[in-house]
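A.B. asks: Just the structure for this:
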Amino acid sequence: MTRSLGAALLLALLATASSAQQAGDVPSGPGSVRGQVVHRGDGAGVAGVDVVLYALSPDGPGVRRTRSDEQGSFRFEGISTGPEVTYLLGARYRGVPFAGTRVRFQPGTDQVDARIEVTDLTRSPGSVRVQDVTLQLHRIGRGLRVVETIALRNDGERTYYVPASARPDGEAALRARLIEGATDFSMPLGVIPEGVEQQGTRIRFWGPVHPGSQEISWSYRLPEPADATGSTLRLRFPTGTAHLTVLLSAAAGSVQGPGLQPAPDRTVEGRSYRALERGPLAPGARLDLSLALTPARVDPGALHVTDVQLVLQVDDAAVEVTETHNLEVKGDTAIQGTQQQPLLRIPLPEELRDLRFADQGGDLELIPDPHGGLAAVGIAPPGKLRVDLAYRLPVSRFPIQLARQFGAKVPLLSLFVADTGGLLLRSQRLHRRRPVRTSDLTYQHLEAFDVTPDESVPLEIGVQEAPGATPAWIRRAVEAALALAVLGLLVSPLSRPEADRPPSALGIPAARREREALYQSIRDLDEDFEMGKISPADHESLRGELRARALSLLRAERAASGPGPLEPPAPGAPEPGPAHCAGCGAPAQTEHRFCPHCGAALHESGRAARSG
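C.D. replies: Next up, the predicted model:
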């Protein structure tokens, strides 16, 4: 087994001390990690070893250090036991980093025991061999992105490592060559470990290579060939390469080469690849791969946003925001975006901090947009894909005023706010929906339809007032929303002659959708009242306003659709039950005697509606 991503992360950080020093302390709490540094050969404790605890948390990375005692024991006290925090343990022994245990606290526990094994060192790479070389090809903008991952195997009992002072006379465990024309060489986390040396297209790796298997990976860019229908990639492989795997993203195209055979598709970090493989390569072997790029068109209009979801976590210091943008490419061929003509622009709040993002599907790349925010460039294949963002907005006081804009039309915007029991939400654009409950949290749910490009969607987050106090802001929110809705209903029919108006211009679909949202608001209002969030007086007043608005929308729909149930029945005809309650406008069944939403007697309210 190769080392896990967590171990590789810790080894990279330990191999570059300045990177670890940039992080702050780990999150505090009641927990403790206790353990021992032991020698792998005899299990004896090793004294005087520098031990590092590295924290991965939503608040960013953190580092704490200590040193093992005479028995090799160490401890870290006063750290968070939160399930959202993962800890990585490691040590530097004789100048070489060793990865230890990955630590997470289980519910109800505040102590974890750990163990870090260290080994003797060797400068001879005789026991180190290359197990596998994996080549990932992505198409990015006007070029290719290549990710090379080399799996190494150390069959010995000692860790191979050559310090910088001994390298002029030493032997590197790995010698590799990048493809000609490579630029922008980088390694995971943006950190080049001290054991890696790069000179042009030549790479040397001086360790450490621990007993067992581990991986080393890097990436670089290649310019797009002048002739996209065919190009040649000339590869040189490390001595003793036992196996080659080529992974192609959907937009990268197709590859042919001597001995390459189709293999089952692979999934790497949530992205699907077509795979080809071949067996052992001779020492110093060269291999020419013929690459044909997938045709792509420049057509940003073919990319559509299907919906956007925002999840907010609110506390006294900040609002943590996670966004998911679900996208779809229409047509049968991939589309290409450039810096001058990106596929999508994503405006972002100016005050945001700690921006993190990832893309999934296709060969998209998010880059800073000169107009502000992010721009999506690269290649997007036909079908569905998504882009995920996360950032933090600082909070100075309540109520919090937020506003979100988007660079393209958003048919459905869904917003989920983690409800701690004391948050009140206000928006003239977002409609309330039923709360969403998970195993440990309840989220207030709001949504908006057909958000236009660059439209500002406001949200105010307030704090619940003391029991019995009148939350005046709720009344103002409802009054403002009703005023805007009534104004829209009155103005829209006057914008053109009725004969020239399409059915949607009469406001019928929009009115029906608003009426359904009002029914949901009535149910949510009742739930808030039952939970003690609003006073009886405000509940009665607001419920009456919502019911009246729903009824006015229902009457407008019936008037627009011609004679219907609002007309009085013919003399002597039996009086049917109403299709909707005249008290609150909610749907009702004929056999119902009372409205399931407001409790009004349906036949009485039906007669009142028909006679009104």
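A.B. asks: what about residue 355, neighbour count?
C.D. replies: Around residue 355 there are 14 other residues, counting by other C-beta atoms under 10 Å. In this view, the C-beta of every residue, glycine as well, is placed from N, C-alpha and C.
A.B. asks: Just give me the neighbour total for residue 65.
C.D. replies: So residue 65, with other C-beta under 10 Å, has 14 neighbours.
A.B. asks: Enumerate every residue touching it.
C.D. replies: Residues near residue 65 by C-beta atoms under 8 Å, 6 or more residues apart in numbering: 50, 51, 52, 53.
A.B. asks: Dump these to CSV, plus secondary structure.
C.D. replies: What follows is the contacts of residue 65, written out as CSV (DSSP: H, G, I helix; E, B strand; the rest coil):
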residue, secondary structure
50, strand
51, strand
52, strand
53, strand
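A.B. asks: Scan the residues you listed and report the most crowded one.
C.D. replies: Within the contacts of residue 65, most neighbours by other C-beta under 10 Å means residue 51, with 27 neighbours.
A.B. asks: Am I right that residue 517 is in a strand?
C.D. replies: No - Residue 517: not assigned to a strand; according to three-state DSSP it is helix.
A.B. asks: For it, give me its contacts.
C.D. replies: Counted by C-beta under 8 Å, 6+ apart, residue 517 has contacts 431, 432.
A.B. asks: Please repeat the previous calculation with a cut-off of 10 Å.
C.D. replies: 430, 431, 432, 433, 447, 449, 546, 550 (C-beta atoms under 10 Å, 6 or more residues apart in numbering).
A.B. asks: Count the residues that sit near the fifth one.
C.D. replies: Spelled out, it's residue 447. Neighbours of residue 447 (other C-beta under 10 Å): 17.
A.B. asks: so it touches residue 436, yeah?
C.D. replies: No - the pair residue 447 / residue 436 is not scored as a contact, 11.3 Å apart, by C-beta atoms under 10 Å.
A.B. asks: which helix of this protein spans the most residues?
C.D. replies: Ranked by residue count, the top helix of the chain under DSSP state H comes out as helix 536-560.
A.B. asks: for stretch 207-224, the distance to its chain's centre please.
C.D. replies: Offset of stretch 207-224 from its chain centre (C-alpha atoms, centre = their mean, to the nearest Å): 26 Å.
A.B. asks: now stretch 440-448
C.D. replies: Chain-centre distance of stretch 440-448: 17 Å, with C-alpha atoms, centre = their mean.
A.B. asks: And for stretch 153-172?
C.D. replies: The answer for stretch 153-172 is 40 Å, by C-alpha atoms, centre = their mean.
A.B. asks: Quick one: mean pLDDT over that stretch.
C.D. replies: The average pLDDT within stretch 153-172 is 94.
A.B. asks: next one: stretch 69-88
C.D. replies: Stretch 69-88 comes out at a mean pLDDT of 93.
A.B. asks: end-to-end on it?
C.D. replies: 20 Å (C-alpha to C-alpha, to the nearest Å).
A.B. asks: Now that stretch: buried residues?
C.D. replies: Across stretch 69-88, burial judged by 16 or more other C-beta atoms under 10 Å covers 72, 74, 76, 79, 80, 81, 85, 87, 88.
A.B. asks: List the residue ranges of the stretch 501-612 of the chain that fall below the pLDDT cut-off.
C.D. replies: 501-511, 513, 530-534, 560-612 (pLDDT under 70).
A.B. asks: if you set the cut-off to 80 instead, what comes out?
C.D. replies: Scanning the stretch 501-612 of the chain for pLDDT under 80 picks out the ranges 501-521, 523-612.
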